[in-house]
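Provided below are the primary sequence and the corresponding predicted coordinates.
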Amino acid sequence: MSTQTTTPEISSPGRLSGAAWGLALVPLILLGLVLTYLVVTGGGLTELSGPPVEQVAIQRITLPEAGIIQIEIVNDGPQTVTLPQVQVDDAYYMFTAEPSTTIPRLGRATFTVYYPWVEEEAHAIALVSSLGTVFAGEIPAAVETPALSLGLFLQFGLVGLYVGIVPITLGLLWYPFMRRLSRQAMQFILSLTVGLLIYLAVGTWLDANEFAAELPAFWQGIPLVIFVALTTLGALLVIGRVQRGREISPLSIAYRIAFGIGLHNLGEGLAIGAAFASGEAALGTFLILGFTLHNITEGVGIAAPIVRQNPGWRHFVLLVLVSGAPAIIGTWIGGFAFNPVLATLFLAIGIGAILQVVWEVGKLMARDAVKFSQPIINRVSLSGVVAGIAIMYVTAFMVKF
Amino acid sequence: MQPSTPKGFSRRRFVGLGLGGAAALVGTTVLQAAQAQANTPTPTPHDMGAMSPDSEGEYDSHTAAMLVGAVDHERNGFDPMQMLVDWDYGSQTGAAENGSAIREYDVSAGDIEIEIAPGLFFPAWAYNARVPGPTIRCVEGDHLRIHFANYGSHPHTMHFHGFHPAEMDGVSGEYRGAVNPGDSFTYAFDADPFGCHLYHCHAQPLKRHIHKGMYGAFIIDPLEGRPPARELMMIMNAFDTNFDGGNEIYAVNTVGHEFMRRPIPIKVGELVRIYLINLVEFDLINSFHLHAHFFDYYDTGTTLQPTSRMIDTIAQVQGQRGILEFRSRYPGRYMFHAHVSEFAELGWMGFFNAVRPEDYDAALAEVGLDEEWDYKSTHGSAVEQEA
């Protein structure tokens, strides 16, 4: 009995015949039938259906001009919701709804409320559903939402410049100095870079979760962040392996660091731009100054892997652009066309990219340590990592509130 | 180019429907813009009330402080405007030895979904399928028999404010107690004292039974009657639509901002008498303020002399009520509302439309009323019914 092989054709790696594909369709056809049955008859579960569940997410509240409040709404509940009335500050106000006050599941609507909002004061929004459920939103400090104008575009660009390009350029200017450092000092700088990147990974993770929490429920924001970050990490590691046979060049590592930091700075730009647009942050020069100081270490991190071989000034310019320019782009997007889904995705990719460079720089240090027969974690490398985290932590005092 | 007027002055918005041409008048200079504004008929809430959020058009942000759209009174089965004058005298089924009438009323309790603001539905408990319940009106001394049947899903009672024996108090857990679903009970007592009273359900939990809609006016006319007047019954009520212990909609006779869209027609010079009752739950106090008029107030209506004279605002706690009397001097629209601004902006706000007698029919027609409403509002007294 046991010697009889019963199903040789399954283990044979032949091509699938048409009939075999037909077999694959059987469960799908049955699934279709079951779904049709459930939709048409209720599947004998109509008794189980509870009271209606109404749920919507307020995506964005803007103040395009005096006397007008615009509310962007997504229905992330299980069924259609009608929102026939709108309160602002505990008062009903007339409004128009585009396309309709009735929003299907996953549908969107923009409500325009005619309310004389008051500059720099807070306002509370409440959307009342046809069944009396109340969905609340807030305007923390009313400021006219910036409209796209050349002047503001340039100003936002300037903010991005101060937050991204300037500090990274300054940080990179330590490069000539770094080339003159001893091997041990360089080991310290590299581990400092790891510390810096760990700080950024944590920060980016928290920022991503902040955006993810605001997303409509069906996006499953936080799992989305985790999966995108892991996928990015995996993909970048696989791309690294493609250059099998030779080590990843230090310049390549520098570019990877720049890429990860760039995505982080994109997120920073998004947050700054969105805060500007919503009037949430009184973004004075103090905050910009804080970001400039905070981000200067990023330049050191990018320069660290390439101290042994100078790649030429063109590469330095490109590294600055890859890591710093996203701050400008982020500020523009955040200020003029903020999209929480894209923001979450960018930041999640950033987490993956930063984790990957932590891995690569770590390997670089490990090789170095092995060459000089030192333990990978030694006094110098540990103090470097701690110093990297500490510098980022302390300089962040100026930008966190 | 936008006219370079100071911020705030140039931003006034016009009603988009039918006023596009007027809006185009806004010129390129300050002067022209100001002139255009002066020439544009001011959009009133009354004009804007007909619009729905899904229609084209814009609102003036300074006069758009109102619920948008209109309630389907036919679907509700009752109209706040009709409730102002909808007196229920019961049926006179005889007379006692002392000559007082025996009046019998039929009241049933039930569950009903009502539209309390345009598009906003509330799962109410109601007497006679309306919120507030029927306005029970009689003359002092009348022998009342109120046949109460409960068709609802919860036990209910009818608890009247007035003199009556303890067995007729309509409180759950006492004497007859709550009337269970499917059961009935007859409350029998004499109407006393005359005044502006109320009845409500006194089943537990009390708060929920009241704010779900179980209340109504109970008006006992004095034997000698009151001076002829246009009489209106107003119950100040409110609804907690999300059951969080705070009201989302405030109103007079249930529908928020109804009398903003449909001003109540009165005649200049005539005596207007309002039976005002506060049944708002959760909030400690409610009030009634009438613009550009002063009124006499009879607290609880148990006296024939005013308890306050020449006032324009009166406060009432929960369950408090009274009678207001005033006359209009000048024709025009006059606002009345709670002088608790929050309640006013959440629905408790309306207009009187005072017109000269010759314009009265037009004023009635404008808000969908007829001579019958006029008759009921000027012939409300139960004394007159008995005569």
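Sure thing, it's come through.

helix, strand or coil for the closest residue to B:Gly256 other than its chain neighbours?
Here the nearest residue to B:Gly256 in space, its sequence neighbours aside, is B:Gly347; by CB to CB, 6 or more residues apart in numbering or on different chains that works out to 2.6 Å. Any C-beta I mention is one placed from the backbone N, CA and C, and that applies to glycine too. Following DSSP: H, G, I helix; E, B strand; the rest coil, we place B:Gly347 in the coil state.

Now do B:Gly347: how many residues are near it, please.
Counted with other CB atoms under 10 Å in any protein chain shown, the neighbours of B:Gly347 add up to 32.

if I read this right, it contacts A:Tyr92, doesn't it?
Yes: between B:Gly347 and A:Tyr92 there is a contact under CB atoms under 8 Å: 6.7 Å.

Show me which residues of stretch B:121-138 are buried.
B:121-122, B:124-138 (16 or more other CB atoms under 10 Å in any protein chain shown).

hmm, back to that, which residues does the residue nearest to B:Gly256 contact?
Counting by CB atoms under 8 Å, 6 or more residues apart in numbering or on different chains, B:Gly347 touches A:92, B:67, B:117, B:238, B:249-251, B:255-257.

Find me the pLDDT at it, would you?
The per-residue pLDDT reported for B:Gly347 equals 96.

Going by residue numbers, what spans are helices in the stretch 51-200 of chain A?
In the stretch 51-200 of chain A, helices defined by DSSP state H, counting those that start in this stretch lie at A:150-160, A:166-172, A:175-179, A:183-214, listed in chain order.

ah, wrong one, I meant chain B
In chain B, the helices defined using DSSP state H lie at B:20-24, B:30-39, B:45-48, B:73-76, B:80-83, B:206-211, B:258-261, B:341-345, B:360-366, B:371-378, B:382-386.

Residue 269 - nearest residue in space that isn't next to it in sequence?
Picked chain A for this. Nearest residue to A:Gly269 in three dimensions, chain neighbours excluded: A:Gly330, at 2.3 Å (CB to CB, 6+ apart).

Chain B is the one I meant
Closest to B:Gly269 by CB to CB, 6+ apart is B:Arg327, at 5.9 Å.

still on that earlier bit, show me the common contact partners of B:Gly347 and A:Tyr92, please.
Listed as contacting both B:Gly347 and A:Tyr92 by CB under 8 Å, 6+ apart are B:67, B:117, B:256-257.

got a winner among those residues for most neighbours?
B:Leu67 (33 neighbours).

Surely A:Ala66 is in contact with A:Ala142?
No: counting by CB under 8 Å, A:Ala142 is not a contact partner of A:Ala66; they are 9.9 Å apart.

who touches both of those two?
A:Trp117.

In contact with the residue minimising distance to the centre of chain A, which residues?
Centroid-nearest residue in chain A: A:Leu347, 2.0 Å away (criterion: CA atoms, centre = their mean). The neighbours of A:Leu347, taking CB under 8 Å, 6+ apart as the test, are A:204, A:207-208, A:211, A:225, A:263-264, A:266-267.

what about the residue in the stretch 201-350 of chain B positioned nearest to chain A, how many neighbours?
In the stretch 201-350 of chain B, the residue that lies nearest chain A is B:Thr241 (2.4 Å; CB to the nearest CB). By other CB under 10 Å, the residues close to B:Thr241 number 24.

I'd guessed it sits against A:Ala126; true?
No: contact between B:Thr241 and A:Ala126 fails when scored by CB under 8 Å: they sit 10.9 Å apart.

what is in contact with these two at once?
Contact criterion CB under 8 Å, 6+ apart; residues shared by B:Thr241 and A:Ala126: A:Val134.

report the longest strand in chain B, please.
When chain B is parsed with DSSP state E, its longest strand is strand B:101-117.
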